[in-house]
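Novice: Next input, structure requested:
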Amino acid sequence: MIHILLFAHLQEAIGEAELRVNLSDYTVGQIKGWMEKQYPMLSFQQMMAAVNEEFATDEMIVNDGDTLAFIPPISGG
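Specialist: Got it, this is the predicted structure:
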């Protein structure tokens, strides 16, 4: 079981700040694909991710007990 944290528009669109899912041993990229199938109104492909508070590539494997956070792009002016 992994813990997924959602922020900003992701949290608003899904209606949850956190998810717990059985996707251990998947890569970050595979989890992004899974999220897009579950929530087709959202795109995760250009989104940054962090595993256990460290930035992660799409190739990184997420293990049982890990926390995966999706970090939407931030704009400001």
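Novice: Helix, strand or coil: sort out the residue nearest in space to the middle of the chain for me.
Specialist: Against the mean C-alpha coordinate of the chain, by Cα atoms, centre = their mean, the closest residue is Phe70 at 3.9 Å. Local secondary structure at Phe70 is given as strand here, using DSSP: H, G, I helix; E, B strand; the rest coil.
Novice: what does the top helix by length along the chain rub up against?
Specialist: If you go by DSSP state H, the chain has its longest helix at helix 28-38. Helix 28-38 is contacted by residues 2, 4, 21, 23, 26, 42-45, 47, 49, 51, 56-60, 62, 68, 70 when judged by Cβ atoms under 8 Å, 6 or more residues apart in numbering. In short, each C-beta sits where N, CA and C put it, glycine included.
Novice: just for the protein, where's the confidence low?
Specialist: Within the chain, the set of residues satisfying pLDDT under 70 comprises 75-77.
Novice: mind listing the helices for it?
Specialist: In the chain, helices defined by DSSP H lie at 8-14, 28-38, listed in chain order.
Novice: would TSV of those with mean neighbour count and distance to Ile74 be doable?
Specialist: As requested, the helices of the chain are exported to TSV (neighbours: other Cβ atoms under 10 Å; distance: least, Cβ to Cβ, whole Å):
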stretch	mean neighbour count	distance to Ile74
helix 8-14	14	8
helix 28-38	16	18
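Novice: Could you measure from Asp66 over to Thr57?
Specialist: According to Cβ to Cβ, to the nearest Å, Asp66 stands 14 Å off from Thr57.
Novice: can you check Glu18 too?
Specialist: Per Cβ to Cβ, Glu18 is found 23 Å from Thr57.
Novice: contacting residues around the residue nearest to Asp64 when sequence neighbours are not counted?
Specialist: The shortest distance from Asp64 to any residue other than its chain neighbours is 4.0 Å, reached at Ser24 (Cβ to Cβ, 6 or more residues apart in numbering). Counting by Cβ under 8 Å, 6+ apart, Ser24 makes contact with Met1, Ile2, Val62, Asn63, Asp64, Asp66.
Novice: 7 Å instead, please
Specialist: The contact partners of Ser24, by Cβ atoms under 7 Å, 6 or more residues apart in numbering, come to Met1, Ile2, Val62, Asn63, Asp64.
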